[in-house]
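Asks: mind looking at a prediction? Sequence and model below.
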Amino acid sequence: MKKDPICNMEVDEKGALTSECDGETYYFCSEGCRDRFLKERVCKFPRTSYDLIIIGGGPSGLTAAVYAATLKMDAFLITKDLGGQAVDSTKIENYMGYDFITGTELIEKFQDQLIHSHYIDHLMDSVEKIEPVKEEFAVTTSDLRKYSSKTLIIATGMTRRRLKVPGEEEFQRRGVFYGNIQDLSFVQGEDAAVIGGGNSALQIVENLHTVAKNIHLISDSVLKADPIVIERLKKFKNLRIYEEYKTEEFRGDKSLSYIAVRKLASEESREIPVKGVFIAIGLQTNSSLVSNLADLNDRGEIVIKPDCSTSHPGIFAAGDVTNAFGKRIIIASGEGAKAAMAARQFILNMRNK
Ligand SMILES: Cc1cc2nc3c(=O)[nH]c(=O)nc-3n(C[C@H](O)[C@H](O)[C@H](O)COP(=O)(O)OP(=O)(O)OC[C@H]3O[C@@H](n4cnc5c(N)ncnc54)[C@H](O)[C@@H]3O)c2cc1C
């Protein structure tokens, strides 16, 4: 794989668009990025000032980006990854136009639409800071590059909650995972644990039951997933359920070997040997970038008006990071479209002032 010098996206060198520059071959995700490279000839320092910066490339941010392109806006997308949580969904049965599609397939279609049909400037990076500067916003990325914009769409969604027990950080990706479908093969033919008692934990158990040898499902309460799912899982011969057990520690040498659990309200504790553990104990809202700028509710969600505007003029928000009802791909996409249209209106109003 090669890295597109304009947007940092990983591209397969076989069949990728290329350009020669100073005796070196560069690889691009799209004609749009290659055009920028050829036009600017300063691939490491692309332009930095826009009318709109969209932060987050899940369903809401990608839809906002495609809408911004169709509305011919001067827009820029910055995202840590493409697809967000939707990539983890193995089975989407509630997105219009498809009876059934996997998260990866749907996001590939979104990505194609963005980089081939409705190109806008984009960068694979994490936004670390947003500061209001006069009537604009200064946006700083992880490598301390700064961009400025008249409007922002915050589409940073949610990420999985951490358990915060000893060993969790140490064994990240060396036995400790958060249920991404791509990670399940780590425990092929081995013993695994799933921590959590809700629908997402049980979805991981369902995906694991033909992959892992034995599965230990550990929940600090009684299982809270839908009863129909619990009934289905209880038939799995390779599943052992530990209700009202607290996970206390992850142990191992170079990679995870055991998890230590304790029965709540008792001294009974035990070590369970596992090669991998998948933690699914809920999600947290990624709203900290604007927590000092826009109103949040008590769940940490950005409070939006029907047009996706927030309490701070020029900042719009869309998708799971907001208080909009329903955490779903189709809702996040719709909200992303709305936010792009509202940001455009805001810019037109600014110009007419
Ligand atoms: C396992 C699982 C299965 C699901 N199944 C379904 C389903 O079948 N049907 C359905 O409708 N919904 C499903 N959902 C819910 C659905 O995925 C979400 O509602 C949807 O993805 C929300 O989209 P979003 O764009 O608002 O946020 P996210 O998908 O959370 O995307 C947020 C994006 O922002 C980026 N980001 C975050 N912080 C920063 C930063 N500081 N700088 C730059 N980028 C940043 C992230 O990397 C990510 O790309 C599922 C969710 C999970 C976890």
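Replies: Cool, got the structure.

Asks: by contact count, what packs against the helix ranked longest in the chain?
Replies: The helix spanning the most residues in the chain, taking DSSP state H as the definition, is helix 329-352. Helix 329-352 sits against strand 49-55, helix 59-70, strand 146-154, strand 315-317, with contacts defined as 3 or more Cβ pairs under 8 Å, 6 or more residues apart in numbering; DSSP states H and E. C-beta coordinates here come from the backbone N, C-alpha and C atoms, glycine included.

Asks: could you rerun that using 7 Å?
Replies: Judged by 3 or more Cβ pairs under 7 Å, 6 or more residues apart in numbering; DSSP states H and E, helix 329-352 is in contact with helix 59-70, strand 146-154, strand 315-317.

Asks: contact partners of it?
Replies: Contact with helix 329-352 is made by 51-52, 58-61, 63-64, 67-68, 71, 73, 86, 92, 94-96, 150-151, 153, 155, 307-309, 314, 316-320, 322, 324, as judged by Cβ atoms under 7 Å, 6 or more residues apart in numbering.

Asks: swap in stretch 203-217?
Replies: By Cβ under 7 Å, 6+ apart, the surrounding residues in contact with stretch 203-217 are 90, 179, 181, 184-185, 187-194, 201, 233, 236, 238-242, 272, 274, 278, 280.

Asks: that older thread, got the helices and strands packed on helix 329-352 as TSV, with mean pLDDT and distance to the ligand columns?
Replies: Formatted as TSV, those follow (pLDDT from 0 to 100; distance: least, Cβ to the nearest ligand atom, whole Å):
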stretch	mean pLDDT	distance to the ligand
helix 59-70	97	4
strand 146-154	97	9
strand 315-317	98	9
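
Asks: could you dump those into CSV with distance to K80 and mean neighbour count added?
Replies: Below are the helices and strands packed on helix 329-352 laid out as CSV (distance: least, Cβ to Cβ, whole Å; neighbours: other Cβ atoms under 10 Å):
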stretch, distance to K80, mean neighbour count
helix 59-70, 10, 28
strand 146-154, 14, 23
strand 315-317, 17, 28
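
Asks: how about the ones you listed in JSON lines, adding distance to P227?
Replies: Formatted as JSON lines, the helices and strands packed on helix 329-352 follow (distance: least, Cβ to Cβ, whole Å):
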{"stretch": "helix 59-70", "distance to P227": "29"}
{"stretch": "strand 146-154", "distance to P227": "37"}
{"stretch": "strand 315-317", "distance to P227": "35"}
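
Asks: buried stuff in the longest helix of the chain?
Replies: 329, 331-344, 346-347 (16 or more other Cβ atoms under 10 Å).

Asks: same thing with stretch 282-291?
Replies: L283, T285, N286, S287, L289, V290.

Asks: my read: the fifth one touches E128, true?
Replies: To tie it back to what came earlier, the one meant is L289. No. Counting by Cβ atoms under 7 Å, L289 does not reach E128; the two are 8.1 Å apart.

Asks: quick one on the thing from earlier: which of the buried residues of helix 329-352 come close to the ligand?
Replies: Among the buried residues of helix 329-352, the residues lying close to the ligand (Cβ under 6 Å from any ligand atom) are I329, A332.

Asks: ok now stretch 251-270, how far from the chain's centre?
Replies: Mean C-alpha position of stretch 251-270 versus that of the full chain (Cα atoms, centre = their mean, to the nearest Å) differs by 30 Å.

Asks: now the terminal residues of that stretch, how far apart.
Replies: Terminal residues of stretch 251-270 are spaced 12 Å apart (Cα to Cα, to the nearest Å).

Asks: could you do stretch 259-277 as well?
Replies: This stretch, stretch 259-277, spans 8 Å end to end (Cα to Cα).

Asks: try stretch 237-256
Replies: 24 Å.

Asks: what comes up buried for that stretch?
Replies: Residues of stretch 237-256 classed as buried: L239, I241, Y242, Y245, K246, T247, E248, F250, R251, G252, L256 (neighbour count, 16+ other Cβ under 10 Å).
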